[in-house]
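> 3D model of this:
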Amino acid sequence: MLLLKSREREKKVKIYLSGLSHNYITLANATFPLGTAYIASALQHYFKDEVSIQLFKSPEKLDKAIQENPPDIYLFSSYVWSQNLSLSFARNIKKLFPNVLTVCGGPNISKDIKNQEIALRKYPYIDFFLMGEGENAICYLLNKYFELDLKINLLKESDLFSTITLLPNGIVKTFEYAQRIGIKAGNKTLSEKLGDPAMPFNTLDDIPSPYLNGLLDQFFDNQHYPLVETNRGCPFTCTFCQQGELYFNKIAWRSLETTKEELHYIASMSIRNSPGISRIEIADANFGMYAQDLEYCKHIRNLQDTYNWP
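Next up, the predicted model:
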């Protein structure tokens, strides 16, 4: 099974991605929407000029964009602190524009099949739940969607990695998880198993940095603080943690060089455009546990000497 590039279209397909935060009293979650930005960066890299991509964290900005120029595809992350906010946008988009494809990802989707079925029936305006890592899976899903001329009913009948959907006959359809990026199964990447270029991203460095390509520039605004990720996965199996399962049990690494370049970019942008923010957060599950983490700490120390930041 191979990924095929979609045919030429008269206009770009508009994709909105959101990782929303409540802001009516204060900004409830002030980190950069890094996970959503990686999805956006993957789509931008893979589909190039076939799509136009906008990334949102502000509910007001998303609402304005929907009213003025509604999307063709709406992708959103589900977190415990913003689930109802995110669901309300998905519901309204589907009500106003039934042909918009809606896909929900993120850590707040239950891994229990019964709860997944309950959620699909409760939120019929969500076309797909996307489980696990999203970059390869969403490229695979949207490539198939373009092949099917943007027909949601046909897409639901397709075998799509990492997806859960409710078919018109009421049956819940699931498919196997896409292999994690940077992790080989049986000494083969997923691309090698399915045939190149079945999956566009085989290492974390294959995904362009959403910092270095400018996707996250808008969030250097004196309100948000940057978030970086040097690796993915966790060797532990804590039952309270979203990563405490076999799927996440191996570690995939981003190169030291890429992360250093990101940190330099973040420091320079922060002192220029976001001087009131003097902190950075690291999204790794176990930062400080690995030998190379000391190299990141030394580099951050160098940034303090160079930029007086963070």
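
> Number of residues surrounding the nearest residue to residue 175 once chain neighbours are set aside?
Leaving aside its sequence neighbours, residue 175 sits nearest to residue 159 (CB to CB, 6 or more residues apart in numbering; 5.2 Å). Just so you know, the C-beta spots here come from the backbone N, C-alpha and C atoms, and that holds for glycine as well. By other CB atoms under 10 Å, 12 other residues sit near residue 159.

> pLDDT score for residue 159?
Here, the pLDDT recorded for residue 159 equals 91.

> With residue 182 as the reference, measure out to it.
24 Å (CB to CB, to the nearest Å).

> How about the contacts made by residue 218?
By CB atoms under 8 Å, 6 or more residues apart in numbering, the contact list for residue 218 reads residue 55.

> could you redo the last one with a cut-off of 10 Å?
Residues in contact with residue 218, defined by CB atoms under 10 Å, 6 or more residues apart in numbering, are 32, 54, 55, 56, 57, 58, 61, 224, 273.

> of all those residues, which comes closest to residue 72?
residue 54 (11.6 Å; CB to CB).

> Who does the closest one form a beta bridge with?
residue 16 (DSSP bridges).

> Correct me if wrong: it contacts residue 40.
Yes. Using CB atoms under 10 Å, residue 54 is in contact with residue 40, at 8.4 Å.

> where does the stretch 101-250 of the chain dip in pLDDT?
185-198 (pLDDT under 70).

> Do a quick rundown of the helices in it.
Ranges of helices within the stretch 101-250 of the chain are 113-122, 135-147, 152-156, 190-194, based on DSSP state H, counting those that start in this stretch.

> Would you tell me which one of these is buried the most?
helix 135-147 (a mean of 23; mean count of other CB atoms under 10 Å).

> next one: that helix to chain centre, how far?
14 Å (CA atoms, centre = their mean, to the nearest Å).

> Run through the neighbouring helices and strands of it.
Judged by 3 or more CB pairs under 10 Å, 6 or more residues apart in numbering; DSSP states H and E, helix 135-147 is in contact with strand 13-18, helix 34-47, strand 73-77, strand 101-105, strand 128-130, helix 152-156, strand 163-166, helix 190-194.

> Can I get these in JSON lines including distance to residue 269?
JSON lines is the format used below for the helices and strands packed on helix 135-147 (distance: least, CB to CB, whole Å):
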{"stretch": "strand 13-18", "distance to residue 269": "21"}
{"stretch": "helix 34-47", "distance to residue 269": "14"}
{"stretch": "strand 73-77", "distance to residue 269": "23"}
{"stretch": "strand 101-105", "distance to residue 269": "27"}
{"stretch": "strand 128-130", "distance to residue 269": "30"}
{"stretch": "helix 152-156", "distance to residue 269": "38"}
{"stretch": "strand 163-166", "distance to residue 269": "36"}
{"stretch": "helix 190-194", "distance to residue 269": "33"}
